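> fold the following.
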Amino acid sequence: MHVHAVPRIGGLCIFATVAINCCISSFRTRDLAIQIGMLLLCSSVAFAGGLVEDFTRKVSPTRRLGLTFVAALMGFVLMDARISHIDLGFMTWQITSVWIALPLTMLAVAGVAHAVNIIDGFNGLAGVVTICMLMSLGYVAFQVNDTFVLVSALIVAGAIAGFFIWNFPAGMIFLGDGGAYFLGFVLGELSILLVMRNPAVSSWYALLLLIYPVFETLFSAYRRVFVRGMPAGMPDGIHLHSLIFRRLVRWAVGREDARSLIRGNSMTSPYLWLLSSLAVVPATLFWRNTWLLMACAFAFIVAYLWLYSRIVRFRSPRWMMLRRKKRCVPH
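Numbers count the residues shown, from 1 in each chain. Below you'll find the model as predicted:
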């Protein structure tokens with residue numbers, strides 16, 4: 001989607017910014033700084049795997065995912081970030097066995113981290129989506145007086161905003177695997193901590209909040225394994241954001257020069273920002289109402305599948321179509 005070399009160290013900038021904020025916090029609120037430091041320590045394992053991949057291109061997705069599992073295990077032990085209950089609408093399933101809570105927590109956190117890496121395909125896409133999710137986490141944390149989640153979410157969101165200026169629309173720097181895994185890990189950990197430490201917050205809040213990248217990943221694995229007969233980890237070019245670029249935006253831009261490719265790249269992300277907001281907004285509004293959150297999650301999945309099926313069959317909704325830019329032909 002770009003024609004020139006671009007640095008892939010946006011994640012390093014974000015991680016360094018959060019670390020500096022942690023040091024500043026230590027002079028004001030020592031306990032809070034220790035908790036943020038623990039979050040950074042755990043996330044550094046997942047971040048390091050992605051960062052090495054950004055520099056060497058030699059760390060396989062399996063190894064990166066494995067490091068994220070290790071990071072989630074550290075969070076489970078050091079921060080007590082564990083899934084201890086799941087709201088089912090009519091009842092709450094209390095998970096008391098560590099042999100169930102531990103693998104479930106590791107799978108959830110690693111899954112979210114990998115999912116953010118999956119959607120990091122266009123300028124500004126993953127950045128804005130994660131900022132909105134972190135702002136939602138901060139809002140709900142404020143409502144339940146969870147200072148650690150509130151401050152952590154705002155610090156990371158602010159760091160992403162600084163990166164976003166250089167990433168969108170020109171794409172002068174990329175998030176990279178290090179940044180994607182770091183942000184995904186932080187989202188997973190903060191979501192679990194917010195829900196499990198505050199019974200008033202429904203566990204379906206976290207699921208609806210993160211449903212866009214998570215469902216994108218699950219649907220991609222299903223499509224590869226059951227539809228195309230490929231390994232689940234095999235990359236392909238038919239993610240929803242890739243289809244929107246190729247069948248809507250690229251067609252409208254028309255030309256293939258560098259400036260047009262960058263323009264088409266940046267024009268793709270707002271479609272996915274809007275799609276993600278269909279989950280983030282109701283999650284933020286109904287964070288304590290399990291039944292409404294479940295209904296919104298189901299509605300989002302239906303909308304995603306409907307939209308994907310329309311675009312993949314070249315029957316994109318008219319409201320998504322852009323006018324094709326006319327070429328000027330000299331006489």
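> contact partners for the closest residue to Ser202 other than its chain neighbours?
Nearest non-adjacent residue to Ser202, counting by Cβ to Cβ, 6 or more residues apart in numbering: Thr290, 4.4 Å away. To be clear about C-beta, it is placed using only N, CA and C from the backbone, and glycine gets the same treatment. Contact criterion Cβ atoms under 8 Å, 6 or more residues apart in numbering gives Asp87, Gly89, Ser202, Ser203, Trp204 as the residues in contact with Thr290.
> ramachandran coordinates for the second one?
Yep, that's Gly89 we're talking about. Geometry field for Gly89 lists phi and psi as phi 90, psi -70, criterion degrees, to the nearest 10.
> where along the stretch 1-150 of the chain do the helices fall?
When assigned using DSSP state H, counting those that start in this stretch, the helices of the stretch 1-150 of the chain occupy the ranges 10-26, 30-56, 61-78, 98-119, 125-143, 147-167.
> helices or strands next to the last one in the packing?
In this case it means helix 147-167. helix 10-26, helix 30-56, helix 125-143, helix 176-197 (3 or more Cβ pairs under 8 Å, 6 or more residues apart in numbering; DSSP states H and E).
> repeat that for the second one.
Other helices and strands packing on helix 30-56, by 3+ Cβ pairs under 8 Å, 6+ apart, are helix 10-26, helix 61-78, helix 147-167, helix 176-197.
> winner for burial among those?
Each of those was given a mean neighbour count from mean count of other Cβ atoms under 10 Å, and the largest, a mean of 27, is that of helix 176-197.
> closest to Ile192 out of the helices of the stretch 1-150 of the chain?
When the helices of the stretch 1-150 of the chain are ranked by distance to Ile192, counting by Cβ to Cβ, first place goes to helix 98-119 at 6.7 Å.
> list the buried ones in the closest one?
Within helix 98-119, the residues scored as buried using 16 or more other Cβ atoms under 10 Å are 101-102, 105-106, 108-119.
> so how far is it from its chain's centroid?
A distance of 13 Å separates the centroid of the chain from that of helix 98-119, by Cα atoms, centre = their mean, to the nearest Å.
> quick one, that helix and helix 61-78 angle?
Counting by axes from the mean of the first three to the mean of the last three Cα atoms, to 10 degrees, helix 98-119 lies at 130 degrees to helix 61-78.
> which ones are touching Ala283?
Residues touching Ala283, when contacts are defined by Cβ under 8 Å, 6+ apart, comprise Ser136, Tyr205, Leu208, Leu209, Leu293, Cys296.
> generate a PyMOL selection restricted to the buried subset of the residues you listed.
Selecting the buried subset of the contacts of Ala283 in PyMOL, with 16+ other Cβ under 10 Å as the burial test, is done by:
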select buried, resi 136+205+208+209+293+296
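> quick check, nearest of the contacts of Ala283 to Met74?
Closest approach between those and Met74, by Cβ to Cβ: Leu209, at 23.1 Å.
> before we move on, back to that, secondary structure and distance to Leu73 added to the contacts of Ala283, as JSON lines?
Putting these into JSON lines (DSSP: H, G, I helix; E, B strand; the rest coil; distance: Cβ to Cβ, whole Å) gives the following:
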{"residue": "Ser136", "secondary structure": "helix", "distance to Leu73": "26"}
{"residue": "Tyr205", "secondary structure": "helix", "distance to Leu73": "24"}
{"residue": "Leu208", "secondary structure": "helix", "distance to Leu73": "26"}
{"residue": "Leu209", "secondary structure": "helix", "distance to Leu73": "23"}
{"residue": "Leu293", "secondary structure": "helix", "distance to Leu73": "28"}
{"residue": "Cys296", "secondary structure": "helix", "distance to Leu73": "31"}
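> output the below-cut-off pLDDT ranges for the stretch 201-331 of the chain.
Scanning the stretch 201-331 of the chain with the threshold set as pLDDT under 70 gives 232-233, 235, 250-260, 321-331.
> all the strands of it, residue numbers only.
In chain order, the stretch 201-331 of the chain shows no strands, with DSSP state E, counting those that start in this stretch as the criterion.
> tell me which of the helices and strands packed on helix 147-167 sits nearest to His239.
For His239, the closest of those is helix 125-143, at 10.6 Å, according to Cβ to Cβ.
> and that closest one, what other elements does it pack with?
Based on contacts counted as 3+ Cβ pairs under 8 Å, 6+ apart, the elements that helix 125-143 packs against are helix 98-119, helix 147-167, helix 176-197, helix 203-209, helix 258-285.
> sounds good, over and out.
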